[in-house]
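> Could you work out the structure for the sequence below:
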Amino acid sequence: MSHFTTFAIAGLGNVGTFIAEELLKQKGAGKAKRVVILTRSLGDEDKYEPYKRKGAESLAIAAKEMTVKLFVPYEFGSPTESLSSGPLSPKCKTREQLEALDLPYALIFNGAFTDRIFSARLGIDPVGGKATLGGDGSALVSFTTRSDVARYVAWILTELPSEKLVWKKFQIEGERASFNEIIERYTAKPGKKVDATYRSTAELEEAIRENPGDMKSVLLLMFARGNGAVGKKEEVANAEFPGWNPKTAIDVLSP
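Now for the predicted structure:
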């Protein structure tokens, strides 16, 4: 059992709700003593908009003052350690803040959230019959569902000893495949057809120059450049959770 038994979750956004649910399950199983969820009231969203891109530096300072022993920053996605600018750079600043504070962290990288990336909103919508991809669509990407990420996070936090968590990086994936491969597998099923279009890296770069906040183009360019995988295959830490059985993209697209 882990040395960590009390957990605070700041926000229930993209993946936070799933992690809260899994930690509460661990509490019910006697693996955690206390789970605290930090939230704010709904409404007046415009007031909070300026803070969205500031990262969690202030939260890190508050955590240090409260003698938190391990901080799991909102990394997830693909590794961001080399980013110094762009919409994802606040993640780097948070990590640097934690290091400056000497507040140990554990980083979780899981690639694309399978249950979010395939959507009409992002333009990669096999179920809707259309997909816009970056480059030629052949670059490998790590895919993991939010529920699988949450199960992994809750398990390692409550089961692994602290020395295997502090200052550690966990690169995990439900599967590794290209968008082309996933679309090919999906359309192999009877009655499934996807019209795929491709945006060149030059086109994506120009779109980002014109609008640095264009997250759709940022993501497509990241995938096209081969930065969608969490690392080398030998770096993947799925085995740290022996009972983990994450879903594949096809499990999500054709349940």
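> which ones are touching the closest residue to Phe71 other than its chain neighbours?
In space, not counting the residues next to it along the chain, Phe71 is nearest to Tyr105; the distance is 4.8 Å by CB to CB, 6 or more residues apart in numbering. The way it works is simple: take the backbone N, C-alpha and C, and place the C-beta from them, glycine included. By CB atoms under 8 Å, 6 or more residues apart in numbering, the contact set of Tyr105 is 70-73, 95, 98, 166-167.
> Now, of these, which are buried?
70-73, 95, 98, 166 (16 or more other CB atoms under 10 Å).
> So which of those are in helices?
Among these, the ones falling in helices (DSSP state H) are 95, 98.
> Looking at the buried ones among the contacts of Tyr105, which one is closest to Lys216?
The nearest member of the buried ones among the contacts of Tyr105 to Lys216, counting by CB to CB, is Pro73 at 23.9 Å.
> list the contacts for that closest one?
Taking CB under 8 Å, 6+ apart as the test, what Pro73 contacts is 56, 60, 91, 94-95, 98, 105, 107.
> How about Thr6?
32-36.
> count of neighbours near the residue nearest to Thr187 when sequence neighbours are not counted?
Of all residues not flanking Thr187 in the chain, Val194 sits nearest, at 5.5 Å (CB to CB, 6+ apart). Residues within reach of Val194, counting by other CB atoms under 10 Å, total 17.
> so Val194 makes contact with Tyr186?
Yes - here Val194 reaches Tyr186: they are 6.6 Å apart, a contact under CB atoms under 8 Å.
> so what's in contact with these two at the same time?
With CB under 8 Å, 6+ apart, Val194 and Tyr186 have common neighbours Pro126.
> Centre of the chain to whichever strand or helix holds Thr132, how far?
In the assignment (DSSP states H and E), Thr132 maps to strand 130-134. In terms of CA atoms, centre = their mean, to the nearest Å, the centre of strand 130-134 is set 20 Å apart from its chain centre.
> Now do the buried residues in it.
131-134.
> Now do the contacts for Phe7.
Applying CB under 8 Å, 6+ apart, the residues contacting Phe7 are 23, 32, 34-36, 157.
> Return the member of the contacts of Pro73 nearest to Val218.
Using CB to CB, those come closest to Val218 at Lys91, 13.1 Å.
> The closest one and Tyr74 touch, don't they?
Yes - the criterion here is CB under 8 Å, and Lys91 meets it with Tyr74 at 7.0 Å.
> Between the two, which has more neighbouring residues?
Lys91 (21 against 18).
> Show me the helices in the protein, by range?
Using DSSP H, helices in the chain cover 16-28, 45-48, 57-65, 89-101, 114-117, 146-159, 179-187, 201-210, 215-224, 249-253.
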